[in-house]
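Asker: mind folding the following:
(one chain, ligands or ions: 1)
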Amino acid sequence: MARVHNFSAGPAALPTSVLAEIADEMMDYRGCGMSVLEMSHRSSMYQQIIDDAEATLRRLLSIPDNYRVLFLQGGATLQFAGIPMNLMRRGRAGYVVTGNFANKAYKEAAKYGEAVLLASSEDTNFDRIPTMADVNARIAAEAAGDGLDYVYICQNNTIFGTMYHELPACGDVPLVADVSSCFLSQPLDVERYGLIYAGAQKNAGAAGVTVVIVRDGLIADGPAFAQTPQYLDLKTQAAKGSMLNTPNTFGIYVCGKVFRWVEQTGGLAAMAERNWAKANLLYDLLENSKLFHGTAQTDSRSIANVTFRTGDADLDAAFVAGAAEHQIQNVKGHRLVGGMRASVYNAVTMEDVQALATYMKGFEAQHS
Ligand code: PMP
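Answerer: Numbering: from 1, shown residues only. Down below sits the predicted model:
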């Protein structure tokens, strides 16, 4: 078996034990004579699969009983619209723009009401999270003024390699967070949020599932807009147990297996420790390098996406091209920013990161 060192930003590496279990169960899922791909979502066998996925996630994150867990489709992108449609009751929400996906969510929200720009780090090409004291002062002023339905953040910025190390203080205003690329990377205090959501294709499973965790009081009255598509109506989705229509049955099954893997390998605190060890190996190398430099400001660095460059586009391209010879894949930076990016999600091992570090050091010796 020849598996590469896969640093993809998503869809991303999955634990090999999970892949092996899925392969084992492919022809005959636990004696029922069919695969999960072929199973009715209304069967009791499948109900057990989705219930187990939810129960495992609830244990992992200590999700309080007054939060609903949904497994939806449409990616994180569909929730850029779903969030204002459900929550913008007074027609005004605050957005902190820290990168491409936060900006997309901000623009989408502006279709449904007033999207208030609370802070942005665009002036330094999104290399940082804005200072929390400034963000907090702005939230307090807006909340005391015309009011805000929610405050929206993108907690980890996959393209720019930045992450919040402190959450904004929102008072009574619900905090909404896109946690797609830091979901299950580290512990998360669900009660700090009104709603969190994540595309599964980084740390939680395969593409095609979006996990939404929402405080039930926020959706009890139905969506803010009557014309909200039924699919995006979180109250209805919660009432139907994510089965308003046919869900991504196989994707949810994969999520359940990944959740169990996280639990069996020590839970979220252990994940965070391992993830920082991997990321810091690269950050330390970058700090000491004469060739490469990290692009995120030190106090905004991501636990999951390590972004770096040489400063010379041709050298960057040579680095990316040469990586394949070392069985290293997917280290090219996002097309918006160029350079390099190594995503060190949960299933990426320390051995993978060491292989990358060895290649970086060798490349540096050759080119400086
Ligand atoms: N938010 C973040 C933080 C992302 O990294 C991405 C890209 N995977 C998205 C949103 C968009 O996700 P999707 O492609 O699942 O719609």
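
Asker: got the contact list for the closest residue to residue 245 other than its chain neighbours?
Answerer: Closest residue to residue 245 apart from its sequence neighbours, by Cβ to Cβ, 6 or more residues apart in numbering: residue 231 at 7.0 Å. (Glycine included, C-beta is placed from N, CA and C.) By Cβ atoms under 8 Å, 6 or more residues apart in numbering, residue 231 lies in contact with 72, 74, 237, 244, 245.

Asker: next one: residue 111
Answerer: 81, 84.

Asker: just give me the neighbour total for the residue of the chain found nearest the ligand.
Answerer: Nearest residue of the chain to the ligand, counting by Cβ to the nearest ligand atom: residue 75, 2.6 Å away. The number of residues packed near residue 75 is 16, by other Cβ atoms under 10 Å.

Asker: nearest spatial neighbour of it, skipping sequence neighbours?
Answerer: residue 199 (5.3 Å).

Asker: ok so, going back, from the contacts of residue 231, which land in helices?
Answerer: Counted as lying in helices by DSSP state H, out of those, are residue 237.

Asker: need the contacts of residue 231 in CSV with neighbour count and pLDDT, can you?
Answerer: Output for those, formatted as CSV (neighbours: other Cβ atoms under 10 Å; pLDDT from 0 to 100):
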residue, neighbour count, pLDDT
72, 22, 98
74, 17, 98
237, 25, 98
244, 16, 97
245, 11, 98
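
Asker: tell me the two of the contacts of residue 231 that are most distant?
Answerer: Spatially, the most separated pair among these is 74 and 244, at 12.5 Å (Cβ to Cβ).

Asker: returning to what we had before: go through the contacts of residue 231 and flag which are in strands.
Answerer: residue 72 (DSSP state E).

Asker: which of the contacts of residue 231 lies closest to residue 37?
Answerer: residue 245 (17.2 Å).

Asker: where does that closest one fall, phi/psi-wise?
Answerer: phi -130, psi -170 (degrees, to the nearest 10).

Asker: likewise for residue 262?
Answerer: The phi/psi pair for residue 262 (degrees, to the nearest 10) is phi -60, psi -40.

Asker: surely it touches residue 271?
Answerer: Yes. Shown here, residue 262 and residue 271 form a contact pair, counting by Cβ atoms under 8 Å, at 6.2 Å.

Asker: anything in contact with each of these two?
Answerer: Joint contacts of residue 262 and residue 271 (Cβ under 8 Å, 6+ apart) are 184, 346.
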